[in-house]
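K.L.:
After the sequence you'll find the predicted model.
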Amino acid sequence: EKGGYDHFMIKEIFEQPRSIADSMRGRLIASEGHLQLGGLENYMNKLAQADRIVIVACGTSWHAGLVAEYLFEELARINVEVEYASEFRYRNPVIGENDVVIAISQSGETADTLAAIELAKSKGATIFGVCNVVGSSIARATHAGAYTHAGPEIGVASTKAFTAQVTVLTQMAIAVARRKGALTEDTYRQLLIELETIPTKVQQVFEYADKIKEIAFIFTYARNFIYLGRGLNFPVALEGALKLKEISYIHAEGYPAAEMKHGPIALIDEDMPVVFLATKDGSYDKIVSNIQEVKARKGRVIAIITQGDTRIPGMVDFVIEVPQVHELLTPLVSVIPLQLLSYYIAVMRGRNVDQPRNLAKSVTVE
Ligand code: F6R
């Protein structure tokens, strides 16, 4: 049932062009300017009128929430807070009838996320779910929602569920922004067209799998890793570090690139691999300076860059190219090489990739 692959994780990584397409199927038809999330239709006005959206989740789903924060704020101009479900539930949070909560969960069974939902519900908030498992506890506890339709995810480390979550949340942000009248027709149409091309773009990243394998071979026995990104690539940095920790057991940290000089830069020496998310976007020049700061301290830099970038390759040790996409859709392609890098390193270290020690696929106890 691994379809000829060695592990579920790599099968699920390679499935992403299809799972991302599945998360748009019947919802988005760019040529017709059509975007509709059936489960949310009756609540679109509620979302569009929200003063604030609170996102609750754990782990990788929390990273998807950070991506969504950026998208809802940028496109729909709604204030978003992203909360670890475990912290939110024990904090006596300020939440009420005018608040909209989005709970994100692959399994739909995460105890802390479920408890956060129940708490917010008891205070009168409207709760939406973005779940993968149909009929799961979280899906049933919410007022409405949209399934991610990524298909069963067996590998403990979440991959295709993350990209499906981001795809669904992106569609939500666009739909809400449109309902609010916050998007021009042109921008709206353009976003739909660009989103529809993502499965093809993700497929193109796989052409670099062998190169990523070579990089994994070089860094197999690294003891630490730092991942840096800005803007939408900051949550991707966190996600890259989490994937590496989970399955290879290498200590890794993700940071917003500008935070580096507030502490982590002290860690940089010739033994420290630093993965930069350095795609061509609004923070490109800033990221280039951050790369120079790391190189000046002899860090070994692996940069995820946009195809055709001629500036960064001469500055760093290794580059992995991803295709150009709409700036707001960057995480959907930039996360892919990080999933592959952690997978290959874990395999080379002989780890149990699909069932890492100490981890369970659904965390049903707090
Ligand atoms: C990471 C991972 C975990 C989950 C987290 C939340 O690869 O799998 O961090 O993302 O336990 O799980 P769900 O999304 O099922 O609520």
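P.N.:
Received it, and whenever you're ready, just let me know what you need.
K.L.:
Show me the strands in the stretch 251-366 of the chain, by range?
P.N.:
251-256, 273-278, 300-306, 318-322 (DSSP state E, counting those that start in this stretch).
K.L.:
Those strands: which one's closest to residue 29?
P.N.:
Checking the strands of the stretch 251-366 of the chain against residue 29 by CB to CB gives strand 318-322 as the closest, at 25.7 Å. C-beta here means a position set from N, CA and C on the backbone, and glycine is covered the same way.
K.L.:
what sits up against the closest one?
P.N.:
Contacts to strand 318-322, defined as CB atoms under 8 Å, 6 or more residues apart in numbering, come from residues 201, 204-205, 208, 211-212, 215, 218, 279, 301-309, 312-313, 333-334, 336-337, 341.
K.L.:
sorry, back to before: which stretch among the strands of the stretch 251-366 of the chain is buried most, on average?
P.N.:
Of all the strands of the stretch 251-366 of the chain, strand 273-278 carries the top mean neighbour count, a mean of 28, counting by mean count of other CB atoms under 10 Å.
K.L.:
Can you name every helix or strand that that one contacts?
P.N.:
When contacts are defined as 3 or more CB pairs under 8 Å, 6 or more residues apart in numbering; DSSP states H and E, strand 273-278 packs onto strand 224-229, helix 233-248, helix 284-296, strand 300-306, helix 330-348.
K.L.:
strand partners of the fourth one, parallel vs antiparallel please.
P.N.:
Paired neighbours of strand 300-306 in the sheet (DSSP bridges): strand 273-278 (parallel), strand 318-322 (parallel).
K.L.:
ok, back up a step: can you add distance to the ligand and mean pLDDT and give the helices and strands packed on strand 273-278 back as JSON lines?
P.N.:
What follows is the helices and strands packed on strand 273-278, written out as JSON lines (distance: least, CB to the nearest ligand atom, whole Å; pLDDT from 0 to 100):
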{"stretch": "strand 224-229", "distance to the ligand": "15", "mean pLDDT": "98"}
{"stretch": "helix 233-248", "distance to the ligand": "6", "mean pLDDT": "98"}
{"stretch": "helix 284-296", "distance to the ligand": "25", "mean pLDDT": "97"}
{"stretch": "strand 300-306", "distance to the ligand": "19", "mean pLDDT": "98"}
{"stretch": "helix 330-348", "distance to the ligand": "10", "mean pLDDT": "98"}
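K.L.:
I'd like those laid out as TSV, including distance to residue 169.
P.N.:
TSV is the format used below for the helices and strands packed on strand 273-278 (distance: least, CB to CB, whole Å):
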stretch	distance to residue 169
strand 224-229	18
helix 233-248	11
helix 284-296	24
strand 300-306	21
helix 330-348	10
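K.L.:
among those, which is nearest residue 14?
P.N.:
helix 330-348 (9.3 Å).
K.L.:
list the contacts for the spatially closest residue to residue 292 that is not a sequence neighbour?
P.N.:
Nearest residue to residue 292, sequence neighbours excluded (CB to CB, 6 or more residues apart in numbering): residue 315, at 6.9 Å. Residues in contact with residue 315 (CB under 8 Å, 6+ apart) are 288, 291-292, 295, 301, 303.
K.L.:
got those as CSV, with distance to residue 228 columns?
P.N.:
Below are these laid out as CSV (distance: CB to CB, whole Å):
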residue, distance to residue 228
288, 12
291, 9
292, 13
295, 13
301, 10
303, 10
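K.L.:
rewinding a little: how about the strands paired with strand 300-306, which one is nearest residue 348?
P.N.:
Using CB to CB, these put strand 273-278 closest to residue 348, at 14.2 Å.
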